[in-house]
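> Provided below for reference: sequence and predicted model.
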Amino acid sequence: MAKWIMVVDDDTANLKAAGSILSKNNMRVTALKSGRALLNYITENGAPDLVLLDIMMPEMDGFETLEKLRELEKNLEIHEIPVIFLTADEKTGTETRGFEMGVSDYIRKPFNPEVLLRRIDKTISTQSEMKNLKNEATIDKLTGFLNKGATTTELSKMCIEKAGCLMMIDLDSFKLVNDIFGHEMGDKVLISFANIIRETVPKGSKYGRIGGDEFVSFCTGVDSEEIVADITKQLNEKLVASAKEMMGEDMSIPLGTSIGAIMVPKHGNDYASLLKLADKSLYVVKKNGKHGYALYTTDLFEEEDESAVMDINTISEIMGERNIPNVAMQLDTEAFSYVFRYTTRYFVRNNINSCKVLFTLEQVEGADPTAYKNCCDEFGNHIREALRKSDVLTRSRFNQYFVMLTDIREEFVERVIAQIVDDWKDYQNDSVDSNLDKSSIDIVYEFLYVRNDETEVPTYLKAEVALVEGSEEEAEFIGGTLGRHGIDLRRFDSTSGFFDYVNTVEKVPDLILLDMKLENMSGFDVIDKLDEIGGDIARVPIILLADADSDGAEVSGLKRNQVMDFIKKPFEKEILKVRVNHILELSVLRKKYRVLA
C-alpha cells in the first residue's frame, strides 16, 4: 500500500516541488496550505502515515500546529502521527525546540529530493518499529486488550480525566470449558468474549485483561445503574449465544459473566482504590448466584463497629512521626504509589517541579552472588542517607530503587544523582560486614524531570555510546557535550581499536557515532564489517558524522538500515545533544523490550 504523506506549506512552489518528488516515488500526497486546514482534513478524513510541516506559516506556525495536532490525536483517540519539519531556518534553538515537542526529524529547504525520500522512509519505519515495540509490551496477545501493566497505566488516566464506570468483569464457570473442551476452545471463548466486550461497552471506553478470565473496563458516559444492568444483560446473552455457536446448542456449561462496578468520580478517581472497591462488589455477585452485577455504594460495605471513637489529637499522635530521622522516606511499593499520586497532583497545583529517578543495580560479571545481594540491600540505605528528608523512595524490585526528588531545579538533578553514585564508593554502614564488596554492582540510572505543568523531560542517562572518531579535537567536543548529559562515551581513535572492542565486548553499546572519514576505512566500510560480524552489534543504531558538503554520502548512508541519522560538521552543541537523545529513545525501547540481548 502506498504511503500517505500530507505536505503543509503556505508556499505553492514548495507544495508542488514536494508533491512531484513524492508522487513520482509512488506515494499518495495531500497538499494543504495551513495548519488549520491540516487539522480539519485529519478530523474528516483520518490520519496519514506522515506529515511534512513547514515551520514559518502565517496565522498558525509549525510549532502551534504540532501542539494542536497532538491535542486532536488525543481527542480522536488515534496514534501520534510522525511529523517532519520543513525549514530554511538555521537557528539552533528552532531544531532543539522541535525535538523537545516531539517532532521526528528536520529537513532543510531547499531540500535534496533523495535526502527527502530517505528521511521520510527512515522516519516511517522507525515510528512503526517503536509503535510495534510498545504494542508488544502493552497488548495481550490473545485478546488484543491491554495487558495488566498497560491497563493500570491507561485506566489510571481515564479515572482522573473522565466520568464513567469502572467495571471488573469475570467469566463464570470458565474452567469447565478448558476441562471439557480443552484449552484451544477456552482460548476461542476468551477471544470471542473480548470481542463481545468491545462491541457492547460505549464508544471511547478502554478495556484490559488482568488475569486468565478476568477483565476490567472503564466505560465512558455510564452514569446510572440501569446502563450497568443493560451492559451486564447484553454480555451474558451474547456470551451464551457465542459459546453455543462454537460448542454446540447442547452446551450445558453455565457460562456467564459477573460484574463489580463503581461510578467515577463519585467514589474518587484513584484507579487502585476504585479497583479494590469494584472487586469487593464483584465478590458480592459471586456469593449471590453469579451472572449479574453489583454496583458499589458507600453503605454496601459500611463498617459496623463504631465503638472506637478518637479525638483529633489522638489520631495526630498515631499518624505522625514522633522522631523525624534525617533521611529520605522509604515506603513499600503500595504505600509509595499513594504518596506518589498525591504529591504529583499537589506539585502541579502549586507549581512545584520534581524529578523521578530509577536506579538499577546490575551484577558485575564474575561477582559473588552474595556480595551482589548485600550491595542491592545496602544501596537503599545509602540513598536514604544521601537524600533530603523531603524526598521519597521505594524498592520496586530487589535490584531497583525508584526515587522522587521533590521541589528540585532542573540544573541540580544531575549533580544530585552523580553525588549518590560517586559517594557509594565511600559508603559504609555499621550493620553490614565491613568488607562489603561495592565493586560487585554496576549502577545504571535514568530520570524524568517533571515540570510544574506536568510535562516530562526525558534524559537517557547511563546510555553507552561508542564514538569512532579520528580527530582528537572533535572527539573532545562530542565527549564534553554528551558527557554533561549523563551519556557514557567510549571513544576509539582507530577502527582496529573499535573492532577489538566489538569482538570482545559482552554488552553492546546503545548507539554508535561513526565518522565517515577514518584513517584506513570509510564509515561505510565499517558498517559493512559490522554486517559481516552480525548478531546484536549489527543492529545497534548508527549516526554518521560527516563534512558539510556531503549530501551524496547522506543519501547513501540513510539507505542503510542501521543508519538512523546523519549529522554534519561543524557540530552545534544543542543539535548534537537532541539528535543523539532522539535516536537513543529507539535504542532504549529496543533494550527495554528485549529486542537486543
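Cool, the structure landed. Residues are numbered from 1 along each chain as shown.
> hang on, residue 105 packs against residue 123?
Yes: contact status for residue 105 versus residue 123: in contact at 5.3 Å, counting by CB atoms under 8 Å. C-beta coordinates here come from the backbone N, C-alpha and C atoms, glycine included.
> give the buried residues for the helix or strand hosting residue 529.
Taking DSSP states H and E as the criterion, residue 529 maps to helix 523-533. Buried residues in helix 523-533, defined by neighbour count with 16 or more other CB atoms under 10 Å: 523, 524, 526, 527, 530.
> could you check how far the last one is from residue 482?
The reference is to residue 530. Applying CB to CB, to the nearest Å, the value for residue 530 to residue 482 is 21 Å.
> likewise the fourth one?
In this view, residue 527 and residue 482 are 21 Å apart by CB to CB.
> show me where the stretch 201-350 of the chain has helices.
Remark: helices assigned in the stretch 201-350 of the chain by DSSP state H, counting those that start in this stretch are 225-247, 271-287, 312-319, 333-349.
> got any ranges where the stretch 301-450 of the chain has weak pLDDT?
Within the stretch 301-450 of the chain, the ranges that satisfy pLDDT under 70 run 301-310, 314-325, 428-435.
> no no, the stretch 51-200 of the chain
90-92.
> strands along the stretch 451-597 of the chain, start to end?
For the stretch 451-597 of the chain, the strands defined by DSSP state E, counting those that start in this stretch occupy 456-459, 464-468, 488-492, 511-515, 542-546, 563-568.
> so how far is the longest one off the chain centroid?
Here strand 563-568 shows a centroid-to-chain-centroid distance of 24 Å under the convention CA atoms, centre = their mean, to the nearest Å.
> one more: stretch 337-354?
20 Å.
> joint contacts of residue 105 and residue 123?
Common neighbours of residue 105 and residue 123, using CB atoms under 8 Å, 6 or more residues apart in numbering, are residue 84.
> quick revisit: most tightly surrounded among the strands of the stretch 451-597 of the chain?
Highest mean neighbour count among these (mean count of other CB atoms under 10 Å): strand 511-515, with a mean of 26.
> neighbouring contacts of that one?
463, 465-471, 474, 478, 523, 526-527, 540-546, 580, 583-584, 587.
> what's the angle between that strand and helix 523-533?
Angle, strand 511-515 to helix 523-533, by axes from the mean of the first three to the mean of the last three CA atoms, to 10 degrees: 140 degrees.
> partner strands of strand 511-515 and their direction?
strand 464-468 (parallel), strand 542-546 (parallel) (DSSP bridges).
> burial measure for residue 312, as a count.
Neighbour count of residue 312, defined by other CB atoms under 10 Å: 7.
> regarding this protein, what is its longest helix?
Longest helix of the chain, by residue count under DSSP state H: helix 113-138.
> quick one, strands of the stretch 51-200 of the chain?
Under DSSP E, counting those that start in this stretch, the stretch 51-200 of the chain gives strands at 83-87, 105-108, 164-172.
> out of those strands, which is the most enclosed?
When those are scored by mean count of other CB under 10 Å, the highest mean neighbour count falls to strand 164-172 (a mean of 25).
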